[in-house]
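A.B. asks: Need a 3D model of the sequence below.
(one chain, ligands or ions: 1)
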Amino acid sequence: MRIDIITVLPELLKSPFEASILKRAIEANLVSVHFHNLRDYTTDNYKSIDDTQFGGGAGMVMMIEPIDKCISKLQSERDYNEIIYMTPDGEQLNQSIANQISLKENIIILCGHYKGVDQRVRDKFITKEISIGDYVLSGGELGAAVLCDAVIRLIPGVLGNETSALTDSFQDNLLAPPIYTRPREYKGMKVPEVLFSGNFPEIEKWREEQAYQRTKDRRPDLLEE
Ligand code: ADE
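C.D. replies: Predicted coordinates for the structure are as follows:
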């Protein structure tokens, strides 16, 4: 998978890709991530990427021209399956969207700033608009990092244990069950006996019940879907 990220703040975005699972995925060539600074596609001396709104109103709007130049250059080099715009009024990111995106070969992610981009960018180029939650961030960069993390860990081979993404919370619309490790007892707090039974069907049954109960208590909306 190849991910091209268009941003005015590439520096803000780089560090999540320089550690742990994302770093290993890049080193193993399972994914490549490329940053494009929108200011490199400007034509004036001030490297302007935004301007005031037509019709008046507070806040600047990102102009179409630098974005068009950047996206068109990328599209002249390869085909893209998806051009995603990070925006608080997009579809809310969930596991199912992350699963779908993880199957794509080439994607572009455009990070918004200020009030957002000129509507014509959305009409002409964008195939998917994603929000990471009902709150407004100062820009799309942190949202893009969240999206990339959720997607990249699903690419086959990225997680050491292939089954581990499949047992995450939200796969099957259930939260994950409680988990334990050594010591077996800590300050009087004991690990449930069933986990030492060696009876794997029994353990699996317990985990399913716990996952169901936790989902019912915390996220009943998931069970309705
Ligand atoms: N940009 C600003 N706020 C955002 C959000 N909640 N999700 C995605 N991109 C954003």
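A.B. asks: residue closest to the middle of the protein?
C.D. replies: Centrality entry for the chain: nearest residue to the mean C-alpha point is residue 147, 0.8 Å, by Cα atoms, centre = their mean.
A.B. asks: Helix, strand or coil: sort out it for me.
C.D. replies: Under DSSP: H, G, I helix; E, B strand; the rest coil, residue 147 falls in the helix class.
A.B. asks: Indicate the residue of the chain located nearest to the ligand.
C.D. replies: Going by Cβ to the nearest ligand atom, the ligand is nearest to residue 143 of the chain, at 3.2 Å. Where C-beta positions appear, they are placed from N, C-alpha and C, glycine not excepted.
A.B. asks: Quick check: which element contains that residue?
C.D. replies: helix 141-152 (DSSP states H and E).
A.B. asks: Which elements pack onto that helix?
C.D. replies: strand 2-7, helix 10-14, helix 20-27, strand 82-92, helix 95-102, strand 106-111, strand 128-131 (3 or more Cβ pairs under 8 Å, 6 or more residues apart in numbering; DSSP states H and E).
A.B. asks: Give me the phi and psi for the nearest residue to residue 23 once chain neighbours are set aside.
C.D. replies: Closest residue in space to residue 23, ignoring its immediate chain neighbours: residue 17 at 6.5 Å, by Cβ to Cβ, 6 or more residues apart in numbering. Dihedral angles phi and psi of residue 17 (degrees, to the nearest 10) take the values phi -90, psi 0.
A.B. asks: Would you enumerate the residues in contact with residue 17?
C.D. replies: Applying Cβ atoms under 8 Å, 6 or more residues apart in numbering to residue 17 gives the contacts 23, 26, 33, 148.
A.B. asks: now the residue of the chain most remote from its centre: how far from residue 206?
C.D. replies: Distance to the chain centre peaks in the chain at residue 188, reaching 39.6 Å (criterion: Cα atoms, centre = their mean). Distance of residue 188 to residue 206, computed by Cβ to Cβ, to the nearest Å: 22 Å.
A.B. asks: Would you mind listing what in this protein touches the ligand?
C.D. replies: 86, 87, 88, 112, 131, 132, 133, 135, 136, 137, 140, 143 (Cβ under 6 Å from any ligand atom).
A.B. asks: Most neighbours out of the contacts of residue 17, which is it?
C.D. replies: residue 148 (23 neighbours; other Cβ atoms under 10 Å).
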